[in-house]
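S.K.: starting from these lines, generate the structure:
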Amino acid sequence: MTVQAVGRIGVVIPCYRVTAHIFEVLAAIGPEVARIYVVDDACPEESGKRVESTCSDPRVTVLFHAQNQGVGGAVITGYRQALADGMDVVVKIDGDGQMDPALLPCFALPILEGQADYTKGNRFHNPEGVVKMPLVRLLGNAGLSFVAKFSAGYWDVFDPTNGYTAIHARVLEELPLDKISKRYFFESDMLFRLNIHRAVVLDIPMRAVYGDERSNLQIARVAPEIFVKNLRNLGKRIVYNYFLRDTSAASFELLVGGGLALFGVIYGAVAWSRSVAIGVPASSGTVMLAALPTILGVQLLLAFIAHDVASVPRIPLSGRLRRKTVVTQTGEQGV
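M.R.: Here you go, the predicted model:
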């Protein structure tokens, strides 16, 4: 059974300074794809106009931004058009040639077969690919992956900034597209939004190609912003998943564990500074009063993390949404 036989696939390609590679990317997209959306994000090289005047593929639709909105803004524009055209799965790839279009079925099939709601590439799966990755990208992506595990809650996926992704249209309709970050935090913010909706995310092994493409990302400039936004999403996710939508033993572990650990650290620091100031060692009781809450608090926090790791979504949201639609339609017919 081919991919084309089970669902319509749309491909979104954000374009900004990629005229050297975009035509190779378009030519490599296989017949399993129904529509291709090239989004010219106010590209100074006029990528969109060049595609319109040169590309003869009838599947290609060019969308234009009057002002640059960033990669996320371009992808969201493509998402909206794909939903309007009735696509079942929407795949996003870059136009710089780093992502092999031949892998498109690998990203779409798990979604069409009901195994996942969202698939994303993982360049760290194969050791050979990791060795070839530039050191700065390797260290940056590894660090971001660990931070994103906390903020997004998907502990079993890696390489969160990977831009090779696919999403089920029913799940895409549920997301607040207007609220998703429109620039370099886009992929990480998508994972956060998907976790809030309890969508299933699956990693797809891939190898990135590094050639003469130019990166528009200035790591030193955006790193602090990305860290702050991940911290913000972590807070939102914990409050919503553990206190607003539901409460559990993990909620107790987080509150009590955090309180005990904070008390122990602060009390211990104050007692230590006082003993240094007066030149008298702290008593055993003072040491125990600082150490015991700290140890117990850390244990409770570790238990909370273990619960969070175990609660990664496992049942695809798209299937639940389909059943909800069927039930609603049946009820309306009965009325």
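
S.K.: got the domain ranges for the protein?
M.R.: In terms of domains, the chain is parsed into 3-241, 247-334 (source: automatic domain parsing).

S.K.: and those as JSON lines, adding mean neighbour count and mean pLDDT?
M.R.: Every C-beta, even on glycine, is put in place using the N, C-alpha and C of the backbone. Rendered in JSON lines, the data for the domains of the chain read as follows (neighbours: other Cβ atoms under 10 Å; pLDDT from 0 to 100):
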{"stretch": "domain 3-241", "mean neighbour count": "19", "mean pLDDT": "89"}
{"stretch": "domain 247-334", "mean neighbour count": "14", "mean pLDDT": "88"}
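
S.K.: my guess is Pro313 contacts Val200. True?
M.R.: Yes - A contact is recorded between Pro313 and Val200 when judged using Cβ atoms under 8 Å, the distance being 5.1 Å.

S.K.: how far does the helix ranked longest in the chain sit from its chain's centre?
M.R.: For the chain, the helix that runs over the most residues, judged by DSSP state H, is helix 249-278. Offset of helix 249-278 from its chain centre (Cα atoms, centre = their mean, to the nearest Å): 34 Å.

S.K.: which neighbouring elements make contact with it?
M.R.: If you count contacts as 3 or more Cβ pairs under 8 Å, 6 or more residues apart in numbering; DSSP states H and E, helix 249-278 packs onto helix 284-310.

S.K.: try 10 Å
M.R.: Applying 3 or more Cβ pairs under 10 Å, 6 or more residues apart in numbering; DSSP states H and E, we find helix 249-278 packed against helix 219-239, helix 284-310.

S.K.: got the angle between the last one and helix 249-278?
M.R.: So that's helix 284-310. Angle between the axes of helix 284-310 and helix 249-278 is 150 degrees (criterion: axes from the mean of the first three to the mean of the last three Cα atoms, to 10 degrees).

S.K.: do a quick rundown of the helices in this structure.
M.R.: When assigned using DSSP H, the helices of the chain occupy the ranges 3-6, 22-28, 47-54, 70-84, 104-112, 127-132, 135-152, 169-174, 186-196, 219-239, 249-278, 284-310, 317-334.

S.K.: tell me, what residue is most central in this protein?
M.R.: Nearest to the centroid of the C-alpha atoms of the chain, with distances taken as Cα atoms, centre = their mean, sits Leu191, at 3.2 Å.
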